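# give me coordinates for this.
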Amino acid sequence: MPDLEPDTVSALEAPEFAPAQFVRWFRDVAPYVHAFRGKTFVVAFGGELVQAGALNALVQDLSLLSSLGIRLVLVHGSRPQVNEQLRLKGFTQQFDRGLAPTDAAALECAKEAAGEIRLDIEAAFSQGLPNTPMSHAHIRVISGNFVTARPTGVLDGVDYKHTGQVRKIDVDALKFAIEKGSSVVLLSPLGFSPTGDAFNLAMEDLATSVAVALRAEKLIFLSSGQGVLNEDGTVDTELARVDADGLLAAGSLDEETGAYLQYASLAVKRGVARAHLVPFALDGSVLLEIFTHDGVGTMVVEDTLDDLRPATIDDVGAILSLIEPLEADGTLVPRPRSVVERDVENFTVLEHDGVIYGCAALHTFADEQMAEMACLIVHPEWQGSGEGEILLRHMESRARATGAKRLFVLTTRTSHWFMKRGFVQGGITDLPREKQNHYNRSRNSLVFIKKL
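Numbering: from 1, shown residues only. As a prediction, this is how the structure comes out:
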């Protein structure tokens, strides 16, 4: 292998390399590659990421996304760099998160910092050394006056001077650059008015405005934090927008997470499909968030779960109508009406305009810290838009809330669907003792288990 340095070992020679594991992983990410090709992602990060030395690794991952056909708009911040420029020039003003006036001197510092970071990003995308992730990458980075800004003006008696807000995004020009030009668009936190004045913009506001204007598939904020944490310190990997707004109202989040979550919620409310808070300290976090089922950060989704609610006794008839066709073809074990009535409090239903079109049930086994998901059904006319995923994620959240560490299903027809979503095949002996005693051996259902 003459092209490698003497002390370099290829992946195939690494002792921990497992060919089967690599092939399985590559196949597992294929659905995501197909789903996201041609979609637009807006990736936003503050100057803290650059300051932490994480820029090169990020650019390498973004280069890979671009090569997979994902259209990228990058929005960078520059707060720490602006503060450093102010300090070096002897000014006492320092910018924190939140709205603050920008005087003429601070605006000049903002221009200098933005220019420096933009050049660093362009240089990183220009790398092409052999045997690096950027080898053979030819990515054009386009910057320009895509953003029209307006002055914030005077609020509560305070003149914010050169601090501005987004007035308009040149959507046609952006789309031409990322679609026809096959380029990565890079936006700095500066905007220009029709009079030619420059304004200092908040990176979060700019990124959100761009994502909404482009109807982006994803808005990704790279944060120095881990995302939103549960009470046990684990990352809450998915939040409905209404729950995100509840956390913001409670005021319990740290300043950075709260700021990003506020804009993530706003973006989703205005039509962005998904918004993410991803830790930049974790190498490859963007790839892990996009190409693994649970991700590594917090994803905010629109509360299509407004349609999701606990079942009541009045829903038994509708649940039975969903179950009966699958009982008839052998997919589900028959359940008499009396059983559904008895267990109705275990069911969650999907309802829209008074029509119940999906359901699932959760049965817990506290002693073994396990839970069973049963009767996961979406009416055929409603399938294909992710309703099954919605129910699955909701049941996973419910199971975690009960203290369950593992979720299991029994299935005869849908094993591949569960395998693609992180379930691993187990055996009867892996089930809770009570479930083993009631296992129907004549059906020979397969057991699939997922760690929560």
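# partner strands of the longest strand along the chain, parallel or antiparallel?
In the chain, taking DSSP state E as the definition, the longest strand is strand 355-365. Strand 355-365 sits in its sheet next to strand 347-352 (antiparallel), strand 370-378 (antiparallel), going by DSSP bridges.
# report the backbone C-alpha coordinates of stretch 108-126 in CSV.
Coordinates of each C-alpha in stretch 108-126 appear next as CSV, following Å, rounded to 0.1, in the frame of the first residue of the first chain:
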residue,chain,number,x,y,z
GLU,A,108,-16.9,46.7,11.9
CYS,A,109,-15.8,43.9,14.3
ALA,A,110,-18.7,41.8,13.2
LYS,A,111,-17.7,42.2,9.6
GLU,A,112,-14.1,41.3,10.3
ALA,A,113,-15.0,38.2,12.3
ALA,A,114,-17.6,37.0,9.7
GLY,A,115,-15.0,37.5,6.9
GLU,A,116,-12.4,35.5,8.8
ILE,A,117,-14.7,32.6,9.6
ARG,A,118,-16.1,32.5,6.0
LEU,A,119,-12.5,32.2,4.6
ASP,A,120,-11.7,29.5,7.1
ILE,A,121,-14.8,27.5,6.1
GLU,A,122,-14.0,28.0,2.4
ALA,A,123,-10.5,26.8,3.0
ALA,A,124,-11.8,23.7,4.8
PHE,A,125,-14.0,22.8,1.9
SER,A,126,-11.1,23.2,-0.5
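# please state the offset of it from the chain centre?
Remark: stretch 108-126 is offset 27 Å from the chain centroid, using Cα atoms, centre = their mean, to the nearest Å.
# ok, how many other residues are close to residue 238?
Neighbour count for residue 238, taken as other Cβ atoms under 10 Å: 19. (Glycine included, C-beta is placed from N, CA and C.)
# do you know how far it is from residue 232?
16 Å (Cβ to Cβ, to the nearest Å).
# so for stretch 365-378, mean pLDDT?
For stretch 365-378, the mean pLDDT works out to 95.
# pull out the buried residues from it.
By 16 or more other Cβ atoms under 10 Å, the buried positions in stretch 365-378 come out as 365, 368, 370-378.
# just the strands in the stretch 101-250 of the chain please.
Using DSSP state E, counting those that start in this stretch, the strands of the stretch 101-250 of the chain run over 141-142, 147-151, 154-155, 158-159, 164-169, 184-187, 190-192, 198-200, 218-223, 238-240.
# would you turn those strands into JSON lines with distance to residue 135?
Shown next, in JSON lines, are those (distance: least, Cβ to Cβ, whole Å):
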{"stretch": "strand 141-142", "distance to residue 135": "18"}
{"stretch": "strand 147-151", "distance to residue 135": "33"}
{"stretch": "strand 154-155", "distance to residue 135": "50"}
{"stretch": "strand 158-159", "distance to residue 135": "51"}
{"stretch": "strand 164-169", "distance to residue 135": "34"}
{"stretch": "strand 184-187", "distance to residue 135": "18"}
{"stretch": "strand 190-192", "distance to residue 135": "33"}
{"stretch": "strand 198-200", "distance to residue 135": "38"}
{"stretch": "strand 218-223", "distance to residue 135": "24"}
{"stretch": "strand 238-240", "distance to residue 135": "35"}
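# wait, which of those strands is closest to residue 105?
The closest approach between residue 105 and any of the strands of the stretch 101-250 of the chain, judged by Cβ to Cβ, belongs to strand 198-200 at 11.7 Å.
# quick one on the thing from earlier: what would the strands paired with strand 355-365 look like in a markdown table with distance to residue 294?
Output for the strands paired with strand 355-365, formatted as a markdown table (distance: least, Cβ to Cβ, whole Å):
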| stretch | distance to residue 294 |
| --- | --- |
| strand 347-352 | 20 |
| strand 370-378 | 16 |
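# how long is stretch 408-423 from one end to the other?
8 Å (Cα to Cα, to the nearest Å).
# and the contacts of that stretch?
Identification of contacts with stretch 408-423 by Cβ atoms under 8 Å, 6 or more residues apart in numbering yields 28, 31, 293-294, 330-331, 370-374, 376, 388-389, 392, 425-426, 430-431, 439, 443-450.
# hmm, try it at 7 Å
Stretch 408-423 has contacts (Cβ atoms under 7 Å, 6 or more residues apart in numbering) with 31, 293-294, 330-331, 370, 372-373, 392, 431, 443, 445-450.
# among the buried residues of stretch 365-378, which pair sits farthest apart?
368 and 378 (28.6 Å).
# ok, and for the host helix or strand of residue 82, which residues are buried?
Residue 82 belongs to helix 79-88 when assigned by DSSP states H and E. Using 16+ other Cβ under 10 Å as the test for burial, helix 79-88 gives 79-86.
# now do it: which elements does it pack against?
Packing partners of helix 79-88 (3 or more Cβ pairs under 7 Å, 6 or more residues apart in numbering; DSSP states H and E): helix 47-51, helix 104-125.
# what's the domain layout of this structure?
The chain breaks down into these domains under automatic domain parsing: 11-216, 306-451.
# make TSV out of these and add distance to residue 225.
Formatted as TSV, these follow (distance: least, Cβ to Cβ, whole Å):
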stretch	distance to residue 225
domain 11-216	10
domain 306-451	21
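# which one of those domains lies nearest to residue 276?
With Cβ to Cβ as the measure, domain 11-216 is the member of those nearest residue 276 (9.5 Å).
# and the closest one, what's its mean pLDDT?
89.
# quick one, helices of the stretch 251-400 of the chain?
255-269, 285-291, 316-328, 337-342, 387-401 (DSSP state H, counting those that start in this stretch).
# against which helices or strands is the third one packed?
Looking back up the chat, that one is helix 316-328. Under the contact rule (3+ Cβ pairs under 7 Å, 6+ apart), helix 316-328 is packed against helix 337-342, strand 355-365, strand 370-378.
# ok now it, how far from the chain's centre?
That offset, for helix 316-328, works out to 34 Å (Cα atoms, centre = their mean).
# the fourth one now?
For helix 337-342, the distance from its own C-alpha centre to the chain's C-alpha centre is 38 Å (Cα atoms, centre = their mean).
# now that helix: buried residues?
So, applying 16+ other Cβ under 10 Å, buried residues of helix 337-342: residue 340.
# what sits up against that helix?
313, 316, 319-320.
# please repeat the previous calculation with a cut-off of 8 Å.
Outside helix 337-342, the residues touching it (Cβ under 8 Å, 6+ apart) are 313, 316, 319-320, 323, 347.
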